[in-house]
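Participant: Structural data only, the sequence is not supplied:
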């Protein structure tokens, strides 16, 4: 029996070494699965870097890519607005860190984070593992050795094989997602009612009913990451304002006690961390007719209407550390 366990341990150790060497060998090797996010990030980062002076940056997942009309935000403060939002699947640690790399002193950051980002504990998922190992070695090098090992250990076997295959990195010019459908501010385009397919409508009709309230009560969440972000912003001279994300309205979100408590106390919790939060989540839940292809993605007309409501809120909530918004014309 002892010999069996020694052999088993040796085999496991050898496999672990082979696995880690395989991960190391594919660092920086692009994958098709990470291409559209990479193209979108490159487009948005280029816009931000090449925009002189102070800017307004929208930081979140794809709810904001589809849901914020950056042109209205530009008019609000009379400064360029860049929509950095791409995909919530990248996770809050990466989304916040990426914004730190781009932000300048004097910038305003609007933070309409998806509720899942606030409640996730920041552990790496398949998408961020794929993306970082394939596309962002600067972020990889910034991780602790333990975090790097965690990325490597949680990589799926098929993703490990894909990286070793070193397939051609063909540009992404097809499909709904990618830089080819982003405008000069980073907003998603081609989201009119006429662009919507039957599959899009079906996806909305079958949208999941989320248990964010229960998660807020039972899970650690990312409150510590947001508190650290508030400290960074203060030291960096950056104004951060959080606000509700868009979400398909469900009756459960008001009658379920856990949900109701989560949504009605979120502003207080975020503000206590050092990030002012304007608006009430329950006021930014919309009927199915507003949405495009998921319960977080608005149609173009709804995006303009939603952003107009946010602008009204921003004008009514002047914050000491932030520039005063322009009066609505």
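Facilitator: All right, it came through fine. This is a predicted model, so every value here is computed, not measured. Numbers count the residues shown, from 1 in each chain.
Participant: how about the helices of the stretch 1-150 of the chain, start to end?
Facilitator: 2-25, 35-50, 62-67, 70-77, 92-102, 115-119, 126-135, 137-142, 145-153 (DSSP state H, counting those that start in this stretch).
Participant: Looking at those, which is nearest to residue 181?
Facilitator: helix 35-50 (8.9 Å; CB to CB). Yep, even glycine has a C-beta here, placed from its N, CA and C like the rest.
Participant: so what does that closest one touch, helix or strand wise?
Facilitator: strand 81-83, helix 92-102, helix 126-135 (3 or more CB pairs under 8 Å, 6 or more residues apart in numbering; DSSP states H and E).
Participant: helices or strands next to the second one in the packing?
Facilitator: Other helices and strands packing on helix 92-102, by 3+ CB pairs under 8 Å, 6+ apart, are helix 35-50, helix 115-119, helix 126-135, helix 137-142, helix 223-236.
Participant: Kindly report the same for the first one.
Facilitator: In this structure, strand 81-83 makes packing contacts with helix 35-50, strand 56-58, helix 70-77, judged by 3+ CB pairs under 8 Å, 6+ apart.
Participant: Deepest in the core, which of the helices and strands packed on helix 35-50 is it.
Facilitator: strand 81-83 (a mean of 26; mean count of other CB atoms under 10 Å).
Participant: Mean pLDDT and distance to residue 59 added to the helices and strands packed on helix 35-50, as CSV?
Facilitator: As requested, the helices and strands packed on helix 35-50 are exported to CSV (pLDDT from 0 to 100; distance: least, CB to CB, whole Å):
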stretch, mean pLDDT, distance to residue 59
strand 81-83, 98, 9
helix 92-102, 97, 4
helix 126-135, 96, 16
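Participant: Reformat those as JSON lines; add distance to residue 163.
Facilitator: Formatted as JSON lines, these follow (distance: least, CB to CB, whole Å):
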{"stretch": "strand 81-83", "distance to residue 163": "30"}
{"stretch": "helix 92-102", "distance to residue 163": "18"}
{"stretch": "helix 126-135", "distance to residue 163": "7"}
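Participant: got a list of what residue 219 touches?
Facilitator: 119, 121 (CB atoms under 8 Å, 6 or more residues apart in numbering).
Participant: from here on, count from 72
Facilitator: All right, first residue 72 from here; so that's residue 290.
Participant: Report the separation between it and residue 184.
Facilitator: Residue 290 is 16 Å from residue 184, where distance means CB to CB, to the nearest Å.
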